[in-house]
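Asks: heads up, no residue letters with this:
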């Protein structure tokens, strides 16, 4: 039995969480725990609620630690209770993982220093502030650290992790069962291919969140010290 500890972050992007969950829960002998401070339902960025199965105090060990991202990650970057729990579980985990801006929380816990990592394209520059080596890819492995890109990359990340843990046949079987056969209608999933005006408009819209996030990252760096 492998225990997966998936941190529920209030105001997280739900697909960051539910995409990997859908893959990991189908892996052999998986025990998936949804973890937050209390057992009260946690509301995601756009209102979907998810009910925790464990609390930070009741679950202190897992084979796999997973952190999602989204707007809500900003608040927990300097939440000492959450950062301390991440550091504690990561110290004994077989794999320490994240998707999207969840990587920033791993960085706030001091787990990215000198290691390759990826995140959502809007936060790649923030990884280096936390001591990481920013690496542009859908999934990045560095030892037992596994990070995924933004949002939809969570499915790719989880399949790659299952492949690492159980082999390619199991991973491909899960992919087939989910009919994960993406055919994006537009070539606008990354700024490398999206029209410049689309990218510019998005950056303008999310600028307040980005400003808040950078401030929280800098505060996290100060807490970490040299």
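Replies: Sure thing, it's come through. Because the structure is predicted, anything quoted here is derived from the model rather than measured.
Asks: what about residue 154, how many neighbours?
Replies: 31 (other Cβ atoms under 10 Å). Quick note: C-beta positions are derived from backbone N, CA and C, even for glycine.
Asks: contact partners for it?
Replies: With contact set as Cβ atoms under 8 Å, 6 or more residues apart in numbering, residue 154 has these partners: 15-17, 19-20, 68, 99-100, 148.
Asks: tell me the SS of the residue lying farthest from the centre of the chain?
Replies: Distance from the centre of the chain peaks at residue 197, with 27.8 Å (Cα atoms, centre = their mean). Look at residue 197: counting by DSSP: H, G, I helix; E, B strand; the rest coil, its state is helix.
Asks: distance check, it against residue 203.
Replies: Shown here: residue 197 relative to residue 203, a distance of 11 Å by Cβ to Cβ, to the nearest Å.
Asks: quickly find the element holding residue 217.
Replies: According to DSSP states H and E, residue 217 maps onto helix 207-224.
Asks: how far off centre is that helix?
Replies: 17 Å (Cα atoms, centre = their mean, to the nearest Å).
Asks: helices and strands around it, which ones?
Replies: Packing partners of helix 207-224 (3 or more Cβ pairs under 8 Å, 6 or more residues apart in numbering; DSSP states H and E): helix 73-76, helix 102-108, helix 124-129.
Asks: can you give me the first-to-last residue distance of stretch 137-144?
Replies: Stretch 137-144 has an end-to-end distance of 17 Å (Cα to Cα, to the nearest Å).
Asks: I'd like the numbering to begin with 877 instead of 1 from here.
Replies: OK, 877 is where the count begins now, so the last one is stretch 1013-1020.
Asks: outside of it, which residues touch it?
Replies: 969-972, 991-994, 1022-1025, 1029, 1032-1033, 1036, 1040.
Asks: could you give the average pLDDT over the helix holding residue 1093?
Replies: Confidence over helix 1083-1100 (mean pLDDT, whole number) is 96.
Asks: in that helix, what counts as buried?
Replies: Residues of helix 1083-1100 classed as buried by neighbour count (16 or more other Cβ atoms under 10 Å): 1089, 1092-1093, 1096-1097.
Asks: so can I have CSV of the residues you listed showing distance to residue 914?
Replies: Compiled in CSV, the buried residues of helix 1083-1100 are given as follows (distance: Cβ to Cβ, whole Å):
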residue, distance to residue 914
1089, 25
1092, 22
1093, 26
1096, 23
1097, 29
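Asks: next one: residue 893 from residue 1068, what distance?
Replies: Taking Cβ to Cβ, one finds residue 893 at 26 Å from residue 1068.
Asks: quick one: which of these two has more around it?
Replies: Comparing residue 893 with residue 1068 by other Cβ under 10 Å, the one with more neighbours is residue 893, at 28 against 9.
Asks: now do the contacts for the closest residue to the more buried one other than its chain neighbours.
Replies: Excluding the flanking residues, the one nearest residue 893 by Cβ to Cβ, 6 or more residues apart in numbering is residue 944, at 4.3 Å. By Cβ under 8 Å, 6+ apart, residue 944 lies in contact with 882-883, 885, 888-889, 892-893, 896, 974-976, 978, 1030.
Asks: same question, residue 1086
Replies: Counting by Cβ under 8 Å, 6+ apart, residue 1086 has contacts 998, 1079.
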